[in-house]
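Student: got a predicted structure here, sequence first:
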Amino acid sequence: MTHEGSSAAVCSIVVIDIIGYPDKAVAEQAQMRARFHQILGSALTGVSPQARIVLDTADGAAVTFIEDPDDALRCAARVRDAVATAGTLALALRGGIHHGPVMLIGEPGMPPNLVGDGLGVAQRVAGFASVGRVFATRAFVEALANRQDACRHLFEPAGVRTDAQLREHEVFILTDSPLPERPDSEPHAGGESGARSMALLAGLLSRPPLVTVLTMGAILLVAMVIRAALPEQDSRAANDRHGGVVQAPVTAPQRTVSDRENGAPTDAERLGTLRVNVLPWGEVGVAGVHHGAAPPERHLMLAPGQHVLEIRNPAFAPHKQQVEVRAGEETRIRHDFRQ
């Protein structure tokens, strides 16, 4: 594992999706999530808690392996095999593996969290796979081959896939070939410097959250910038009184000469702005349309009127509320699942 700058590290990330999970009733989702956690727990057997970070996602989990790509390979293969042998109790699972940059962020008193392009690519690659299949990127296949060349034959080319952002990904399918024995030697890539980096990051993750944050100045700076974008603390009481909604009228921007001449209103005058902040995080949707995860803060331009906002985090009950959006004005919403 290598570090990029002072706060990013290149790790192996496995994303497992439960296909169809968002469409199920809450009771069925709870049962599916319980079975999924059993499968994932078995798949992580033998991997030290200090060597991986598990994050719940909207429809599954993302596991970042700090030390060894071989751990990511074996986890994904065990999940795939569990699907094949579970019979009528099987979940419709699919997986994606990538080797790329992630960044630790955190707040005092809270466990560390991970963000970064490495997670995003792994999620997109998982979305390309079918039920019971695992796709991997070229970056992961090469990182694994550097560790153990015998693993190269486990993957077959599956072409180039394009995601919703028109970004192309060369993907490889994990075959059903038996996995080779785990190597006993240290990774080839990185040498002494890589080993020191792994020990440093693993040590940071094993400390109490407060110590972790204090020792990672650059990461704390990122967290402080994100936190500064949230509404001030004195608005929390107002949020509690009004269901988390703070109406904040904003003066409409000045129109240009050409606007005044043709009489056409600008978007800022015709539409309203909805700003959504969520802690610790959540998937944001309006009227059934998905608008991504927050943080970062979501800025939505919506037509004036009543809208149904839905925020989902698989660890909590979904949050729904009606929001009134006014033309040329800004509505701010801050929801904390932990309160």
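Tutor: Sure thing, it's come through.
Student: residue 152 is in contact with residue 141, correct?
Tutor: Yes. Contact criterion Cβ atoms under 8 Å: residue 141 and residue 152 qualify, at 6.9 Å. Just so you know, the C-beta spots here come from the backbone N, C-alpha and C atoms, and that holds for glycine as well.
Student: between those two, which one's more packed in?
Tutor: A count of neighbours by other Cβ atoms under 10 Å puts residue 141 above the other of residue 141 and residue 152, at 23 against 13.
Student: contacts only, for that one.
Tutor: 152, 155, 172 (Cβ atoms under 8 Å, 6 or more residues apart in numbering).
Student: sec struct for the first one, please.
Tutor: Secondary structure state of residue 152, per DSSP: H, G, I helix; E, B strand; the rest coil, is helix.
Student: now it. Nearest residue, chain neighbours left out?
Tutor: In space, residue 152 comes closest to residue 145 once its chain neighbours are excluded; the distance is 4.5 Å by Cβ to Cβ, 6 or more residues apart in numbering.
Student: quick check: which element contains the one you found?
Tutor: According to DSSP states H and E, residue 145 maps onto helix 138-147.
Student: related to what we said a few turns ago, so how far is residue 99 from the residue nearest to residue 152?
Tutor: Distance of residue 145 to residue 99, given as Cβ to Cβ, to the nearest Å: 11 Å.
Student: quick one: which of those two has more around it?
Tutor: residue 99 (25 against 17).
Student: next, count neighbours for residue 298.
Tutor: Residues within reach of residue 298, counting by other Cβ under 10 Å, total 19.
Student: ok, and the closest non-adjacent residue to it?
Tutor: What sits nearest to residue 298 in space, not counting adjacent residues and going by Cβ to Cβ, 6+ apart, is residue 276, at 4.3 Å.
Student: I'd assumed residue 293 was in contact with the one you found.
Tutor: No. When contacts are counted by Cβ under 8 Å, residue 276 is not listed as touching residue 293 (10.3 Å).
Student: now do stretch 71-89: everything it contacts.
Tutor: The contact list for stretch 71-89 (Cβ under 8 Å, 6+ apart) reads 12-14, 16, 35, 39-40, 42-47, 51-52, 63, 65, 90-93, 95, 97, 131-134, 136, 140, 144, 151, 154, 174, 179, 182.
Student: among these, name the buried ones.
Tutor: Buried by 16 or more other Cβ atoms under 10 Å: 12-14, 16, 39-40, 43-44, 47, 51-52, 63, 65, 91, 93, 95, 97, 132-134, 136, 140, 144, 151, 154, 174, out of the contacts of stretch 71-89.
Student: any idea how far residue 77 is from residue 70?
Tutor: Distance from residue 70 to residue 77, counting by Cβ to Cβ: 11 Å.
Student: again with residue 96
Tutor: Distance from residue 96 to residue 77, by Cβ to Cβ: 13 Å.
Student: can you list residues touching both of these two?
Tutor: residue 134.
Student: which one's more surrounded, these two?
Tutor: residue 96 (28 against 20).
Student: please name the residues that touch the spatially closest residue to that one that is not a sequence neighbour.
Tutor: Leaving aside its sequence neighbours, residue 96 sits nearest to residue 126 (Cβ to Cβ, 6+ apart; 3.0 Å). Residues in contact with residue 126 (Cβ under 8 Å, 6+ apart) are 15, 16, 17, 60, 94, 95, 96, 135.
Student: give me the pLDDT value at the first one.
Tutor: Just to be clear, that refers to residue 15. Looking at residue 15, its pLDDT stands at 95.
Student: equivalent analysis for the fourth one, please.
Tutor: The model reports residue 60 with a pLDDT of 91.
Student: run through the bridge partners of it.
Tutor: In this entry, residue 60 is beta-bridged to residue 17, residue 57, by DSSP bridges.
Student: might one say that it is in contact with residue 22?
Tutor: No. Contact status for residue 60 versus residue 22: not in contact, 10.6 Å apart, counting by Cβ under 8 Å.
Student: of the two, who's got more company?
Tutor: residue 60 (26 against 14).
Student: OK, contacts around the more buried one?
Tutor: Per Cβ under 8 Å, 6+ apart, neighbours of residue 60: 15, 16, 17, 18, 21, 36, 93, 126.
Student: can you lay out the residues you listed as CSV showing distance to residue 159?
Tutor: Shown next, in CSV, are the contacts of residue 60 (distance: Cβ to Cβ, whole Å):
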residue, distance to residue 159
15, 19
16, 22
17, 20
18, 25
21, 27
36, 28
93, 22
126, 16
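Student: and of the residues you listed, the nearest to residue 321?
Tutor: If you rank these by distance to residue 321 using Cβ to Cβ, residue 21 comes first, at 22.8 Å.
Student: give me every residue that touches the closest one.
Tutor: 29, 32, 59, 60.
Student: quick check: it vs residue 77, distance?
Tutor: 22 Å.
Student: mind checking how far residue 298 is from residue 58?
Tutor: Taken as Cβ to Cβ, the span from residue 298 to residue 58 is 14 Å.
Student: buried ones in stretch 75-87?
Tutor: 75, 76, 77, 78, 79, 80, 82, 83.
Student: do the same with stretch 292-302
Tutor: Judged by neighbour count (16+ other Cβ under 10 Å), stretch 292-302 contains these buried residues: 293, 294, 295, 297, 298, 300, 302.
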